[in-house]
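Everything below, folded, please.
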Amino acid sequence: MLMGFHHAAMSTPDLDRFLQFYCQVLGCEVAWTFDWDAPSPEADAVTGLTGSAARAAMLKLGDSFLEVFEFSSPEARPQRPDRPVSDHGISHVCLQVQDIHSEYKRLEAAGMRFHCPPQSQDTGFVTYGRDPDGNVVELLEFTQGN
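Numbers count the residues shown, from 1 in each chain. Here you go, the predicted structure:
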């Protein structure tokens, strides 16, 4: 029986920078960290890689988790910093906020690049921004219902 989503995961070329942004700027906390060195037949079996090695952290924000990996092996292909959200794969993570306009200004001052200022929609406001790796982070504020 499926019980629900536990977490999503991302890969980064710089775990320390990723954690600095997600913890100090977005307010996540590190729930736990882990790593493995090659050879690790168990990790390779799970990930479908050969000779994998990585550092990782599980982040917590509210009741949600985000897992992040920095692989030292195998060598990763770089992500384009402005990868279109229409490309296949995870297109974005969404953070529900209160007072999106203040969060937009705070995050923009912290260096987050946004596609646009918060836009009005039927139930509130929404905008997309980019973390330091170029991953899209949606800010969503419900002002009616939900």
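
what's the longest helix in this protein?
The longest helix of the chain (DSSP state H) is helix 100-109.

who touches the closest residue to residue 70 other than its chain neighbours in this structure?
Spatially, and ignoring its direct neighbours in sequence, residue 70 is nearest to residue 15 (3.7 Å; CB to CB, 6 or more residues apart in numbering). All C-beta atoms are positioned from the backbone trio N, CA, C, and that covers glycine. Contact analysis of residue 15 by CB atoms under 8 Å, 6 or more residues apart in numbering lists 55, 56, 57, 68, 69, 70.

cool, and residue 11?
68, 69, 70, 71, 76.

Name only those of those residues that count as buried.
The neighbour-count test (16 or more other CB atoms under 10 Å) marks 68, 69, 70, 71 as buried among the contacts of residue 11.

Direction included, what does the helix or strand the first one falls within pair against?
This means residue 68. Using DSSP states H and E, residue 68 maps to strand 64-73. Paired neighbours of strand 64-73 in the sheet (DSSP bridges): strand 7-11 (parallel), strand 53-61 (antiparallel).
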